[in-house]
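Participant: Fold the following, please.
(chains A and B)
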There are 2 protein chains.
Amino acid sequence: MFSGLTHRGGRARRGRGPHPRLRPKARFLSRAGGTRASRSTRAAPGRHAMSAGWFRRRFLPGGPLPEPQPPGPRSSPVPYHRPRFLRGSGSSPGATDSSRRSDSRPVRCPARGRTLPWNAGYAEIINAEKSEFNEDQAACGKLCIQRCEFGIEEEWLTVCPEEFLTGHYWALFDGHGGPAAAILAANTLHSCLRRQLETVVEGLLAPQPPMHLSGRCVCSSDPQFVEEKGIRAEDLVIGALESAFQECDDVIGRELEASGQVGGCTALVAVSLQGKLYVANAGDSRAILVRRDEIRVLSSEFTPETERQRIQQLAFIYPELLAGEFTRLEFPRRLKGDDLGQKVLFRDHHMNGWSYKQVEKSDLKYPLIHGQGRQARLLGTLAVSRGLGDHQLRVLDTNIQLKPFLLSIPQVTVLDVDQLALQEEDVVVMATDGLWDVLSNEQVARLVRSFLTGNREDPHRFSELAKVLIHNTQGKDDGATGEGQVSYDDVSVFVIPLHSPGQGSGGH
Amino acid sequence: MFSGLTHRGGRARRGRGPHPRLRPKARFLSRAGGTRASRSTRAAPGRHAMSAGWFRRRFLPGGPLPEPQPPGPRSSPVPYHRPRFLRGSGSSPGATDSSRRSDSRPVRCPARGRTLPWNAGYAEIINAEKSEFNEDQAACGKLCIQRCEFGIEEEWLTVCPEEFLTGHYWALFDGHGGPAAAILAANTLHSCLRRQLETVVEGLLAPQPPMHLSGRCVCSSDPQFVEEKGIRAEDLVIGALESAFQECDDVIGRELEASGQVGGCTALVAVSLQGKLYVANAGDSRAILVRRDEIRVLSSEFTPETERQRIQQLAFIYPELLAGEFTRLEFPRRLKGDDLGQKVLFRDHHMNGWSYKQVEKSDLKYPLIHGQGRQARLLGTLAVSRGLGDHQLRVLDTNIQLKPFLLSIPQVTVLDVDQLALQEEDVVVMATDGLWDVLSNEQVARLVRSFLTGNREDPHRFSELAKVLIHNTQGKDDGATGEGQVSYDDVSVFVIPLHSPGQGSGGH
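Facilitator: Numbering: from 1, shown residues only, chains lettered A, B, ... in the order given. Modelled structure (predicted):
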């Protein structure tokens, strides 16, 4: 719930501005939506069936009201918990700054006896009392995908339960507006992904995905058409990840509505399958590959700034979404009365460059995207433009919805691990934005390399490395970063070694 | 006019399929639109003023009809001509294939006495009787940008006509559906660009573009806001190029309507200004930088395939644009009755990956984007997704308009020439798709390097090199390409040397 946010912590890097994702001190505050939107959310079909008509009815004023439905039984709120693999875990003090109670910010990591998939390391720290709960969540485990066969009755029959396609899964969710969406995502997304992969598993196992899932060849040149389009098995995994994120978003919308809760979260997922590592990202977490002589960025951040043109374009197409309260144009700063009639720098949805326009009264409205860098906010409210949840999120004291501007679709990067000529210390570092706000990719890579080189014999070194990374967000200058910056945000980190997978496997 | 297309030439690379840009043998043929669209085109405001309401009235059925307007005086058709800098030029036979009349396909280049800006080379060849006219056009020259000052009356006064900001301009336009749009673009775009640059020239001359064009500082931290957004002078040039393309598109729409003509064209423009080279591209022409040990691609092609998601998304938002005749979904091939009920590979607007869906009757419709590679067509009609013109273009025998799916906005790449440590043989090669259909970037680079190394003393070597490149599209195997492929399309090439600019300058 939003009441859980106390927003005492500042932003570490810029030293100003409130919460990194929701901006409660902005002119507009977020709040839960009214009943009409709730009803239409309940009636919403899956994204695959989503039509322009559905979008218009759901988000635009003046559409026909959905049929009134009797309120369903209200389910109990989503219970707060930490990731399951942390059960029985210990923790070490995280903050070294004596002005803060160090016992309130322990660094947590899995218990020594519990091995995560591929012997991955994990550590987390809660924010500096910005919120009651740690809004980050994490999940990891084996993905057991059942092989199905197309039966005579054109139904899916599980014929070989012993034949599995096995993958591994690591996920980070950074919640906002309460912990509920991130908890639901951690509980749900892997099941959505398994289901989506199972619907295409025949295509994954074939040398090339068949035009028809049944394998029947309606047209003799079908394989050639698939070949010419360049469709490979990995495109089916990308498609399954895209569908799984949407399905999970639908589940979160229904569950939060049923329990009367609100909130949203980012999602960063790494999946290892058939010798490839897929990194799917919706939000501002980040994954990088660190090797002895290479840093490879495996995800891009999706924020109001990086998705400016998509967001401005939607507002251009449907100006109703701004309800006359916002301007879709970008200016270097918010305009005021003195700017009226002057020619000022601006940018619209179709522009990559800048131009000048004469300021009219409507340009003085609050900007659709406002602020700079990590301070940029969508509709004065949200710092990310992709993620799960937020179905009920509205601009404070208005009926303006955030959801039409948000995408639940991830961008997926594929790392062909089998082609990498792996070295023993090659790892993927996945972390929520709390880490990347204070450490650059280069600083993280330096910490990774120096720690792993110095701790070759430690069987728990990836877990220890995750802790070292967290410690380095708490102003603990160990010489590697040389700056000692402090993150007041929740921080969660996975360190996934790529060299000798298959050593460990843990459940969710 | 479309009647000018005879479509006898095949596609060189794939050896099948008709005209590279318009596909007259497809199920749907293009034709000029009816009077209603013509009227609303005339009433259309500039793109900057374009609103969602305007878009809906212009392109969607059921909107209020525009006020009937008396037909304006019909102007005379745009006269056909070759680029002005070819006046008095000679030509050499281009085709070596004796089965074609070699005298019908001369390679043309500027007369020896005429020097193009920077001593650039140019050559062109007409297509293999596919159309009566060469639908490619070209323009180049000096861009003289007047410096203006903001007067007391808040009007623009030219105070120092002797103070110029001087740039250079090279442009290629590849027409389709007749030569008129490309001719208008060659006659007009440079003027639009000059005008757009003149409106922001104060910003270009300042060390950093001021928040207010007047230079007045309304808010003392304005320079800091501009700095934080990272807005540089080059962003104003990019904005000016974006606006100029749109303005030129509006001019072409009005001129073609007034003269009762139709057609469209791609546009590829290189502009040198203040030590930088800007390459703006809308369509499928291409520019590359060739250096001794580097090939740098300076433009991307915009085709129905490369812009699939944008085009599918528009059809998702406004399904009315397809009038029930097309499916927006992508399949590996067009579906038929036998596919009904089967699960086949598909992709929708939000997907980068592929998935399977059960085929319904509506999936059997003609695909919004159909065909593969160079054969891909938008609405069965057009092979490019960006360009100028085509305001009246409709799918044959329907009222379905192409224009809402087309963008006139270019993508702009900036090459910081001053930072390049230029070598004497560094050149930019700009050419229409007729060249790139049969020669790869690497083949072109090989031809460039070997020719320039062997012809250091020839003052006309860049012009000769342009001719060599054209000859290599005509099946003349000189050993450098080793394949001797033939382009049956119009081909036009600029070779722009970067090392010693300012030697030559030519008018349009």
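
Participant: any weak-confidence spans in chain A?
Facilitator: Along chain A, the parts satisfying pLDDT under 70 run over A:1-50, A:62-72, A:90-104, A:148-163, A:476-484, A:501-508.

Participant: which bits of the stretch 151-300 of chain A sit near chain B?
Facilitator: Where the stretch 151-300 of chain A comes near chain B, counting by Cβ under 8 Å from any Cβ of the partner chain, the residues are A:154, A:199-200, A:203, A:209, A:211-214, A:216, A:218-219, A:221-222, A:225-226, A:228-229, A:231, A:235-243. For the C-beta atoms, the positions are set from N, CA and C on the backbone; glycine is no exception.

Participant: buried subset of the residues you listed?
Facilitator: Buried residues within those, counting neighbours by 16 or more other Cβ atoms under 10 Å in any protein chain shown: A:199-200, A:203, A:209, A:211-214, A:218-219, A:222, A:225-226, A:229, A:231, A:235-243.

Participant: which one is A:Ala323 nearest to, not counting chain neighbours?
Facilitator: If the residues on either side of it in the chain are set aside, A:Ala323 comes closest to A:Ile400, at 5.2 Å by Cβ to Cβ, 6 or more residues apart in numbering or on different chains.

Participant: do A:Val200 as well
Facilitator: Of all residues not flanking A:Val200 in the chain, A:Leu236 sits nearest, at 4.6 Å (Cβ to Cβ, 6+ apart).

Participant: and the one you found, what is it in contact with?
Facilitator: Each residue near A:Leu236 by Cβ atoms under 8 Å, 6 or more residues apart in numbering or on different chains is listed here: A:Val200, A:Gly203, A:Leu204, A:Pro209, B:Gly353, B:Trp354, B:Ser355.

Participant: Let's verify it: helix, strand, or coil?
Facilitator: Each residue gets one of three states, and A:Leu236 gets helix by DSSP: H, G, I helix; E, B strand; the rest coil.

Participant: Phi and psi next, for A:His167.
Facilitator: Careful, residue A:167 is Gly; it's not His. Dihedral angles phi and psi of A:Gly167 (degrees, to the nearest 10) take the values phi -130, psi 180.

Participant: on that earlier part again, ok, now which ones touch the residue nearest to A:Ala323?
Facilitator: So A:Ile400 contacts A:Phe28, A:Leu321, A:Leu322, A:Ala323, A:Glu325, A:Phe326, A:Leu379, A:Arg394 (Cβ under 8 Å, 6+ apart).

Participant: can you redo these as TSV with distance to B:Thr413?
Facilitator: Written out in TSV, the entries for the contacts of A:Ile400 read as follows (distance: Cβ to Cβ, whole Å):
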residue	distance to B:Thr413
A:Phe28	37
A:Leu321	33
A:Leu322	33
A:Ala323	38
A:Glu325	37
A:Phe326	32
A:Leu379	32
A:Arg394	40
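
Participant: Show me which of these are buried.
Facilitator: A:Phe28, A:Leu321, A:Leu322, A:Glu325, A:Phe326, A:Leu379, A:Arg394.

Participant: doesn't the second one fall inside a helix?
Facilitator: Yes - assessed by three-state DSSP, A:Leu321 belongs to a helix.

Participant: Can you tell me which residue of the stretch 1-150 of chain A sits closest to chain B?
Facilitator: Closest residue of the stretch 1-150 of chain A to chain B, Cβ to the nearest Cβ: A:Ala52 (5.3 Å).

Participant: Can you get me a residue count around the residue of the stretch 301-450 of chain A found nearest chain B?
Facilitator: Among residues of the stretch 301-450 of chain A, the one nearest chain B by Cβ to the nearest Cβ turns out to be A:Gly353. It sits 2.9 Å away. Around A:Gly353 there are 21 other residues, counting by other Cβ atoms under 10 Å in any protein chain shown.

Participant: so what's it up against?
Facilitator: Remark: with contacts taken as Cβ under 8 Å, 6+ apart, A:Gly353 is in contact with A:Arg347, B:Asp235, B:Leu236, B:Val237, B:Ile238, B:Gly239, B:Ala240, B:Leu241, B:Glu242, B:Val412.

Participant: Same question for A:His499.
Facilitator: With contacts defined as Cβ under 8 Å, 6+ apart, the neighbours of A:His499 are A:Leu422, A:Gln423, A:Glu424, A:Glu425, A:Asp426.

Participant: A:Thr266 now?
Facilitator: Listed by Cβ under 8 Å, 6+ apart, the contact partners of A:Thr266 are A:172-174, A:282-285, A:384, A:386-388, A:432-433.

Participant: could you redo the residues you listed as JSON lines and give each row neighbour count and secondary structure?
Facilitator: Supplementary listing: the contacts of A:Thr266 in JSON lines, determined by neighbours: other Cβ atoms under 10 Å in any protein chain shown; DSSP: H, G, I helix; E, B strand; the rest coil:
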{"residue": "A:Leu172", "neighbour count": "32", "secondary structure": "strand"}
{"residue": "A:Phe173", "neighbour count": "33", "secondary structure": "strand"}
{"residue": "A:Asp174", "neighbour count": "31", "secondary structure": "strand"}
{"residue": "A:Ala282", "neighbour count": "28", "secondary structure": "strand"}
{"residue": "A:Gly283", "neighbour count": "29", "secondary structure": "coil"}
{"residue": "A:Asp284", "neighbour count": "26", "secondary structure": "coil"}
{"residue": "A:Ser285", "neighbour count": "29", "secondary structure": "coil"}
{"residue": "A:Val384", "neighbour count": "29", "secondary structure": "coil"}
{"residue": "A:Arg386", "neighbour count": "23", "secondary structure": "strand"}
{"residue": "A:Gly387", "neighbour count": "32", "secondary structure": "coil"}
{"residue": "A:Leu388", "neighbour count": "31", "secondary structure": "strand"}
{"residue": "A:Thr432", "neighbour count": "31", "secondary structure": "coil"}
{"residue": "A:Asp433", "neighbour count": "26", "secondary structure": "helix"}
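
Participant: correct me, but A:Glu464 touches A:Tyr122?
Facilitator: No - assessed by Cβ atoms under 8 Å, A:Glu464 is found out of contact with A:Tyr122, at 11.1 Å.
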